[in-house]
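sharing a sequence plus its predicted fold:
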Amino acid sequence: MKLRVGLVGLGDHWENRHRPALRALADRFEVRAVCDEVALLASQAAVEFQAAPVDGFRALAAREDVDAILMLAPQWFGPLPMLAACDHGKAVYCANTLDIPAEQADAIRMRVEAAGIAFMLEFPRRHAPATLRLKELIATKLGAPHILFCHQRLSRAVRPAGGGVRSRDLVLENLIEMVDWCSYVVDRDPTSVVGMAHTQGGETGPDYEMMSLDYSDQGQLSTGPAAQLSCGRYIADRWPEAVTFRPPAALQVCCENGIAFVDLPTSLVWFDAAGRHMESLESERPVGEQLLSQFYREVTSLVRSTSSLEDSYRAVRVVLAAREGTASGRRIQW
């Protein structure tokens, strides 16, 4: 059975993730329509996949030959295609991992649940080969995680505020996915958070944010796993080479029996009593194929799943709580 899909936006990961994945999974997916705010890009993709270019996401969602919508890029319309999909009972794959305005997350979650559609948000960090191998090592050799360090360094590129493209809070988007990543590795939800932010003069939002997550049981502060997350866009646009200079490991995990250093998507170095172990997982199935294969299973299964939406909603709540704590100077518990 082929799943007939419509593409809404193509985005930065079209060439290296989504396009190759759709090609490789041609026995499961058939692209029937393409919509993008840049008409030329939509036409080119439509020709390649023998699909129809469509002028708007509402027209695409209403097509009878489309079973599911793949939202592959954040564009001016934000979460509106999700709501259009709910109106027409179409499954949704959202690659803009957390491109949902935080204040709308709860309303969208309830709308999706009421529509009864399959919904999957893309979490490339948690599905990367290096992360999956880390989970195996935690279960077999490294033991339970104690402390995690997660950092993302961005350039201070000017974020679009007009011209049909919605301004994006890239620090927020990354922090939400990092919260989900750490919670996935620890295999539990945090019970409290402390936040801190720095804002450069003249900026409209923080250029650096840090938060500490406590995964202890309720009422037992600092007795369980802890994670320190940080994300910043403090490197000026005029220093482009500095962004990639000696970047820290994307994730460091200190465990009961050793420590691991993860660089996405396929690099993992870990240490235990036996010494250093280096693993390169280039031969593993690409992340894009794994994610779309999972979406296919969720849509064709008789068991409806919106777990990724729930995970996203929890991560959004954590980051918003951290920002609340930053403003009030206190730890937020729940």
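Received, thanks. Numbering: from 1, shown residues only.

burial count for Arg54?
Let me fix one detail, which is that residue 54 is Val and not Arg. Using other CB atoms under 10 Å, Val54 has 23 neighbouring residues. All C-beta spots, glycine's among them, are computed from the backbone N, C-alpha and C.

correction: Val38
By other CB under 10 Å, neighbour count at Val38 equals 13.

over to the one 4 residues further on?
Number of residues near Ala42 (other CB under 10 Å) recorded here: 23.

what's in contact with the helix or strand hosting it?
Using DSSP states H and E, Ala42 sits in helix 39-48. Contacts to helix 39-48, defined as CB atoms under 8 Å, 6 or more residues apart in numbering, come from residues 7, 10, 14, 19, 31, 33-36, 51-54.

pLDDT weak spots in the stretch 1-150 of the chain?
97-103 (pLDDT under 70).

same check on the stretch 201-334 of the chain?
For the stretch 201-334 of the chain, applying pLDDT under 70 flags the ranges 201-204, 302-307.

now do the helices in it.
287-300, 307-328 (DSSP state H, counting those that start in this stretch).

sort out which residues of the last one are buried, please.
Within helix 307-328, the residues that qualify as buried by neighbour count (16 or more other CB atoms under 10 Å) are 308-309, 311-323, 325-326.

restrict that helix to CA atoms and write it as PDB.
Taking Å, rounded to 0.1, in the frame of the first residue of the first chain, the C-alpha atoms of helix 307-328 are listed here in PDB:
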ATOM      1  CA  SER A 307       3.000  10.400  21.200                       C
ATOM      2  CA  SER A 308       5.400  12.800  19.400                       C
ATOM      3  CA  LEU A 309       2.900  15.600  19.900                       C
ATOM      4  CA  GLU A 310       2.600  14.800  23.600                       C
ATOM      5  CA  ASP A 311       6.400  14.700  23.800                       C
ATOM      6  CA  SER A 312       6.600  18.100  22.000                       C
ATOM      7  CA  TYR A 313       4.000  19.600  24.300                       C
ATOM      8  CA  ARG A 314       5.900  18.500  27.400                       C
ATOM      9  CA  ALA A 315       9.100  19.900  26.000                       C
ATOM     10  CA  VAL A 316       7.400  23.300  25.200                       C
ATOM     11  CA  ARG A 317       6.100  23.400  28.800                       C
ATOM     12  CA  VAL A 318       9.600  22.900  30.200                       C
ATOM     13  CA  VAL A 319      11.200  25.600  28.100                       C
ATOM     14  CA  LEU A 320       8.400  28.100  28.900                       C
ATOM     15  CA  ALA A 321       8.800  27.200  32.600                       C
ATOM     16  CA  ALA A 322      12.600  27.900  32.300                       C
ATOM     17  CA  ARG A 323      11.800  31.300  30.800                       C
ATOM     18  CA  GLU A 324       9.300  32.000  33.600                       C
ATOM     19  CA  GLY A 325      12.000  31.100  36.100                       C
ATOM     20  CA  THR A 326      14.500  33.300  34.400                       C
ATOM     21  CA  ALA A 327      12.200  36.300  34.700                       C
ATOM     22  CA  SER A 328      11.300  35.600  38.300                       C
END
